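J.: sequence and predicted structure below; questions after.
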Amino acid sequence: MTSDFQHFSLHEAVVHGVQSMGYSEPTPIQEQAIPVILSGKDLMGSAQTGTGKTAAFALPLLSLLAKHGKMRCLILEPTRELAAQVEIACKDYSRFFDVEVGMIHGGVAHGPQRQMLQRGVDVLVATPGRLLDFMEEGDIRLDDIQFLVLDEVDRMLDMGFLPQVRRIVERCPKERQTLFFSATLPPEIESLTKWVLKDPQVIAIGQRRSPAETVTHAVYPVAKDQKFDLLLALLEKTQYHSVIVFTATKMMADRVAARLQELNHPVACMHADRSQKERMDALEGFKSGKFEVLVATDVAARGLDIASVSHVINFDVPSHPEDYVHRIGRTGRAQQEGDAFTLFTAEELDTVRAIERYIETTIPRQKLEGFPYFYTALFNESAIPPGGNAKGGRTLKGYSFGAKKRR
Ligand code: AMP
């Protein structure tokens, strides 16, 4: 089988690895990033999830490493799930090749990870906290690092990891090649790029702010007390085979999952308070089709490579517009079609409008035919005051937008 990957100067065994994965042509970020990385330049990339970003950096780095030796490549990831995904991808691409890939992350015992480190790896995929633990215990030195990848840096910022990231970068040699990926560039990240990167080549794939183009999205206005019923009705009406339901809080994720379970939906739940084993079981069960619904918070689910999610339902409107783009990036991956629904109450209307300003598009309002709506006032948004919830509650067509907080 010939492959368009042959026109890059990638190592033959890496091209073979890619072919065995069945990829026939590079994605746009791969087309742009691979030559830059092979030329030795620093890179600053912004790309939507599902664009093939992992292979875009892994293929050239594995080619440059070429053979087994010291630990020369460090890839930092914000979550264990992302680290696991990147490790698996690197192992897949290097299967015809004498390069060792290892991973360390928190939430599990140190022993097996220490043994893996002692056996020796060329590429280490790590989350910042566990890496610092090992560095402090003297199990890891970064003196031989030639290639440093900082992935999903905006999520590292959200999770409060930037100080750790700085400490790790300080311990890497100054002479190195650095690849930096972040979907958004808040000021904290912009200043980090100046410190971390040397004369980088900048690559932006697609419009940074637009959700995946293969996703059809819509918002569903609903009264607060009917949110769960509308979720159920949407699940019943939709021909879904795998759906991720996002909630704003861990508590809400547990609640929604428990209620779906009571109604015999095959459901799994994933958030930061669940053990590593529970999270892995949830993910594996969802990927294998054992669970049709995965209820998750952002932090747990960001960047997960679940190739064929058919639907994303936002049970709560994400409070950061960029999270909306990330969440719905879960569906429509690798050019498949997907749908994203967002339920919103009057209190969340301003947040919906902020998302629309951010993505510079009006998201269509949808009404589910046959659903027994308490009221329809939200379909006439001009009737709703900013904030959606006037002091002391406000009655619209008989429905009280009570002062009671949802969380
Ligand atoms: P990523 O953006 O790295 O999470 O990749 C998203 C998905 O696209 C993963 O399931 C990859 O295995 C897949 N993928 C990456 N590169 C290609 C390619 N050139 N052709 C087809 N699928 C790809």
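T.: Thanks, I have it. Numbers count the residues shown, from 1 in each chain.

J.: just the buried residues of stretch 37-44, please?
T.: I37, L38, K41, D42, L43, M44 (16 or more other C-beta atoms under 10 Å). C-beta coordinates here come from the backbone N, C-alpha and C atoms, glycine included.

J.: rebuild those residues as CSV, extending it with secondary structure.
T.: Conversion of those to CSV gives the following (DSSP: H, G, I helix; E, B strand; the rest coil):
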residue, secondary structure
I37, helix
L38, helix
K41, coil
D42, coil
L43, strand
M44, strand
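
J.: which one of the residues you listed sits closest to E190?
T.: Nearest to E190 out of the buried residues of stretch 37-44 is M44 (C-beta to C-beta; 10.0 Å).

J.: didn't that closest one look like it was pressed against L197?
T.: Yes - the pair M44 / L197 is scored as a contact, 5.9 Å apart, by C-beta atoms under 8 Å.

J.: strands of the stretch 301-407 of the chain, start to end?
T.: Under the criterion DSSP state E, counting those that start in this stretch, strands of the stretch 301-407 of the chain are mapped to 311-314, 338-344, 395-396, 399-400.

J.: re the thing from before, can you pick out the most distant pair from the buried residues of stretch 37-44?
T.: Most distant of the buried residues of stretch 37-44, by C-beta to C-beta, are L38 and M44, 16.6 Å apart.

J.: now do the phi/psi pair for Q115.
T.: phi -60, psi -40 (degrees, to the nearest 10).

J.: strands of the stretch 1-150 of the chain, residue ranges please.
T.: With DSSP E, counting those that start in this stretch as the criterion, the stretch 1-150 of the chain has strands spanning 43-46, 73-76, 101-104, 123-126, 147-150.

J.: tally of neighbours for T178?
T.: 20 (other C-beta atoms under 10 Å).

J.: state the pLDDT value of it.
T.: On pLDDT, T178 comes in at 98.

J.: next one: phi and psi at it?
T.: According to degrees, to the nearest 10, T178 has phi -120, psi 130.

J.: residue contacts, it?
T.: Each residue near T178 by C-beta atoms under 8 Å, 6 or more residues apart in numbering is listed here: D42, L43, F147, L148, V149, L150, V196, L197, K198, P200.

J.: please report how far the third one lies from L74.
T.: Taken as C-beta to C-beta, to the nearest Å, the spacing of F147 relative to L74 amounts to 7 Å.

J.: got it, and V121?
T.: Distance from V121 to L74, by C-beta to C-beta: 10 Å.

J.: quick one, which of the two is more surrounded?
T.: Between V121 and L74, counted using other C-beta under 10 Å, the more crowded position is L74 (24 against 20).

J.: what average pLDDT does stretch 255-275 get?
T.: For stretch 255-275, the mean confidence score works out to 90.

J.: no no, stretch 200-215
T.: Per-residue scores along stretch 200-215 average to 65.

J.: let me see the domain layout of the chain.
T.: As given by automatic domain parsing, the domain ranges for the chain are 4-204, 215-380.

J.: hmm, the first one touching the ligand?
T.: Read it as domain 4-204. Yes - against the ligand, domain 4-204 shows contacts by C-beta under 6 Å from any ligand atom at Y23, P26, T27, Q30, T49, G50, T51, G52, K53, T54, A55.

J.: on that earlier part again, may I see the contacts of T178 arranged in CSV, with distance to V325 as well?
T.: Output for those, formatted as CSV (distance: C-beta to C-beta, whole Å):
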residue, distance to V325
D42, 25
L43, 21
F147, 28
L148, 26
V149, 22
L150, 20
V196, 24
L197, 24
K198, 29
P200, 23
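
J.: and which of those is nearest to the ligand?
T.: V149 (12.2 Å; C-beta to the nearest ligand atom).

J.: contact partners of stretch 8-23?
T.: Under C-beta under 8 Å, 6+ apart, the answer for stretch 8-23 is 1, 3, 5-6, 26, 34-35, 38, 55, 59-60, 62-63, 66, 92-97.

J.: out of these, which are buried?
T.: Counted by 16+ other C-beta under 10 Å, the contacts of stretch 8-23 give 3, 5, 26, 34-35, 38, 55, 59-60, 62-63, 93-94, 97 as buried.
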